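Visitor: Sharing a model that was predicted from the sequence below.
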Amino acid sequence: MDFNILKRGNSSFAENDLEDQVFRREPEFHQFLFIEQKRSERSKKPFVLMLLDVTRLVGHPQNGRILQRIKKGLADCLRDTDMRGWYRADSLIGIIFTEIQDLNENVKKGLIKKIHGQLGRFLDPDDLKKIRIFLHVYPEEINEAGGSNGFNTVFDTNSSPRKASRQNHDFIKRCIDLLGAGVALTIFSPFILSIAVAIKMTSKGPVIFKQTRIGRHGQPFTFLKFRSMYVDRDETLHIDYVKQFINGRQAGDAEATAAEKGVYKLTNDPRITPVGRFIRRTSLDELPQFINVLRGEMSLVGPRPPLAYECDLYDTWHRRRLRQVKPGITGLWQVHGRSSTTFDDMVRLDLKYVAERSLWMDIKIMLKTPGAVFSCKGAY
């Protein structure tokens, strides 16, 4: 405890006590942040999350006094609607700026300048230099170039406290992807050859079907599958069905049964070849995706990569599944009914994976995948 604070007198103590009451603890702050995210998704109005990294001040001899000065400085310049508190206790201070009418780059820079200048009034220059500021915008949108417009670090991008641990996780996951994809291609090579011959002998067209899908951070890539459809297929049927399925409505009469069951793939699709129907039902058409994994475009486990016209139909919260991880060959929704689920439920499972992902979770999903494939539940 900083006993110097207690010596300032009753008025100062009461003032600091009041500041502590409006300065939320970590669980409370995260609850407010969660509520604000949901509100933003419904209203389509963005908000800004600012993070002040005070890690380098924690070991300061006058840590308590400095933190009180920071709280005082923030209290003097923030609005009543701007929530503040511990994003991560004793290391990251969070500020939620709401009700921002016109959010542009000048406004973002103005917020940073305002907070930095205000803290400069209460802190010594040497202490001020130890504070790092991050700025994030929510909701995140995917721009036309395939990049992200939201939750971007505007200031001091290389100091995320969890960056090192996440890099270690990604490195190990990448090693597992390379090993797993290499072993899978070797083991399934007889099937790959047999399927290629069957496709070539029964229908005209290439053996491999190439399609542009949307990957991590909205980046497009060439998605590989065994061709399961005739080459003169009409995409309109699938586009119309996907539009209605994502919007939560039933498709036309011909596909009403599939829509009612929440099937993400068309049933009795006339565009599918006889060989294609078998390899789709057994998921053997996805074997070429191990090449996508070797290329680094996909992972063994992750959300399914959507088509561009699917992304155009996404609501704000749907886009969160494209943010932090590579798309995968298998995932939570594949082992929980595969394509027999509603679109929103599929996205919720993808978001659950993104939030809780770990190497152990990946292993459990991969172990459950063969059972889901052999059962053919939800596969068409």
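Guide: On my side now, so go ahead. Residues are numbered from 1 along each chain as shown.

Visitor: Burial check on the nearest residue to L332 once chain neighbours are set aside, number of neighbours?
Guide: Of all residues not flanking L332 in the chain, L349 sits nearest, at 4.1 Å (CB to CB, 6 or more residues apart in numbering). Backbone N, C-alpha and C define where each C-beta goes, glycine included. By other CB atoms under 10 Å, the residues close to L349 number 20.

Visitor: same deal with A75?
Guide: 15.

Visitor: isn't it right up against Q68?
Guide: No. Using CB atoms under 8 Å, A75 makes no contact with Q68, being 10.3 Å away.

Visitor: so F221 touches G215, yeah?
Guide: Yes. The pair F221 / G215 is scored as a contact, 4.9 Å apart, by CB under 8 Å.

Visitor: So for the two, which residue has more residues nearby?
Guide: More crowded of F221 and G215, by other CB under 10 Å: G215, with 23 against 20.

Visitor: pLDDT at that one, what is it?
Guide: pLDDT, G215: 90.

Visitor: how near is it to T55?
Guide: Between G215 and T55 the computed distance is 33 Å (CB to CB, to the nearest Å).

Visitor: Low-confidence stretches in the chain?
Guide: Residues of the chain that meet the criterion pLDDT under 70 lie in 1-21, 59-62, 139-167, 234, 248-269, 316, 337-341, 375-380.

Visitor: Break it down into its domains, please.
Guide: For the chain, automatic domain parsing gives the domain ranges 3-161, 165-375.

Visitor: re earlier: from memory the residue nearest to L332 sits against T330, does it?
Guide: No. Using CB under 8 Å, L349 makes no contact with T330, being 11.8 Å away.

Visitor: before we move on, the earlier item: any idea which element the residue nearest to L332 lies in?
Guide: helix 343-356 (DSSP states H and E).

Visitor: Tell me the buried residues in that helix?
Guide: F343, M346, V347, R348, L349, D350, L351, Y353, V354 (16 or more other CB atoms under 10 Å).

Visitor: swap in stretch 93-103?
Guide: Going by 16+ other CB under 10 Å, stretch 93-103 has these buried residues: I93, G94, I95, I96, F97, T98, L103.

Visitor: Not counting it itself, show me its contacts.
Guide: 29, 32-33, 36, 45-52, 54, 70, 74, 78, 81-87, 107, 111, 115, 137 (CB atoms under 8 Å, 6 or more residues apart in numbering).

Visitor: So which bits of stretch 227-242 are buried?
Guide: Under the neighbour-count criterion of 16+ other CB under 10 Å, stretch 227-242 has R227, S228, M229, R233, L237, H238, Y241, V242 buried.

Visitor: Present the residues you listed as a markdown table; the columns should include distance to I291.
Guide: Below are the buried residues of stretch 227-242 laid out as a markdown table (distance: CB to CB, whole Å):
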| residue | distance to I291 |
| --- | --- |
| R227 | 15 |
| S228 | 17 |
| M229 | 20 |
| R233 | 23 |
| L237 | 28 |
| H238 | 24 |
| Y241 | 28 |
| V242 | 25 |
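
Visitor: Give me the subset of these that lies in helices.
Guide: Using DSSP state H, L237, H238, Y241, V242 are the members of those that sit in helices.

Visitor: Ignoring the adjacent residues along the chain, who's closest to the last one?
Guide: Nearest in space to V242, with sequence neighbours left out and distances taken as CB to CB, 6+ apart, is E310 at 5.9 Å.

Visitor: can you pull the contacts of that neighbour?
Guide: E310 touches I214, V242, I246, counting by CB under 8 Å, 6+ apart.

Visitor: Would you tell me which one of those residues comes nearest to V373?
Guide: V242 (23.0 Å; CB to CB).

Visitor: Can you tell me the centre-most residue of this structure?
Guide: Nearest to the mean C-alpha position of the chain, by CA atoms, centre = their mean, lies R323 at 3.4 Å.

Visitor: what's the spacing between that residue and R213?
Guide: Per CB to CB, R323 is found 16 Å from R213.

Visitor: One more: W333?
Guide: W333 is 16 Å from R213, by CB to CB.

Visitor: more crowded one of these two?
Guide: More crowded of W333 and R213, by other CB under 10 Å: W333, with 24 against 21.

Visitor: which ones are touching Y353?
Guide: Per CB under 8 Å, 6+ apart, neighbours of Y353: V301, G302, P303, V325, G331, L332, M361, I365.
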